[in-house]
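Undergrad: Only the shape, not the letters, is given here:
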């Protein structure tokens, strides 16, 4: 009777481990220090640091999940904005923006690729970290982060 209970518990742990492992992500030290069995939205190791809070990107330092149609308002020092996500495709994320002095820009990047907005002290780098279905995780950093 005890062996049957132990077998069911091990089978349950195996299924939980397989489900948890389906989220993808890296094997860096931060993912190694987390408990192996978690569930819910925070369980995905690819969850962006700022979630879907686009306002966290105003100063050009964030990691958020975006979908087509999302707009990111940028601080005046970037002399551009808003940054508009025009498409999230399996191969790339497309975006466009306007410049404060007139004109517009556009770009696209695939996973691990980047788009640069502006130049010099007003440059902003948007790195595509991950694309899943109709959403992508992007990281914004001031300057050239390539």
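TA: Received it, and whenever you're ready, just let me know what you need. Worth saying up front: this structure is predicted, and the values here are computed from it rather than measured.
Undergrad: Wait, a helix at residue 56?
TA: Yes. Under DSSP: H, G, I helix; E, B strand; the rest coil, residue 56 falls within a helix.
Undergrad: quick one: contacts for it?
TA: Contact partners of residue 56, counting by CB atoms under 8 Å, 6 or more residues apart in numbering, are 50, 62, 64. Glycine gets a C-beta too; all of them are placed from N, C-alpha and C.
Undergrad: so what's the first one up against?
TA: I take that to be residue 50. 56, 57, 62, 63, 64.
Undergrad: so what does the helix or strand encompassing the last one touch, helix or strand wise?
TA: Taking DSSP states H and E as the definition, one finds residue 64 inside strand 62-67. Contacts of strand 62-67 with other secondary structure elements, assessed using 3 or more CB pairs under 8 Å, 6 or more residues apart in numbering; DSSP states H and E, are made with strand 83-88, strand 135-142.
Undergrad: what comes into contact with the next helix or strand after it?
TA: As assigned by DSSP H and E, the chain's next helix or strand after strand 62-67 is strand 71-72. Strand 71-72 is touched from outside by 54, 57, 58, 64, 66, 81, 82, 83, 84, 85, 140, with contacts defined as CB under 8 Å, 6+ apart.
Undergrad: buried subset of those residues?
TA: 54, 57, 58, 64, 66, 81, 83, 84, 85, 140 (16 or more other CB atoms under 10 Å).
Undergrad: With respect to residue 97, which of those residues is nearest?
TA: residue 83 (4.8 Å; CB to CB).
Undergrad: For that closest one, name its beta-bridge partners.
TA: Per DSSP bridges, the residues bridged to residue 83 are residue 72.
Undergrad: do the same with residue 88
TA: Bridge pairing for residue 88 - DSSP bridges - gives residue 93.
Undergrad: For it, give its distance to residue 77.
TA: 27 Å (CB to CB, to the nearest Å).
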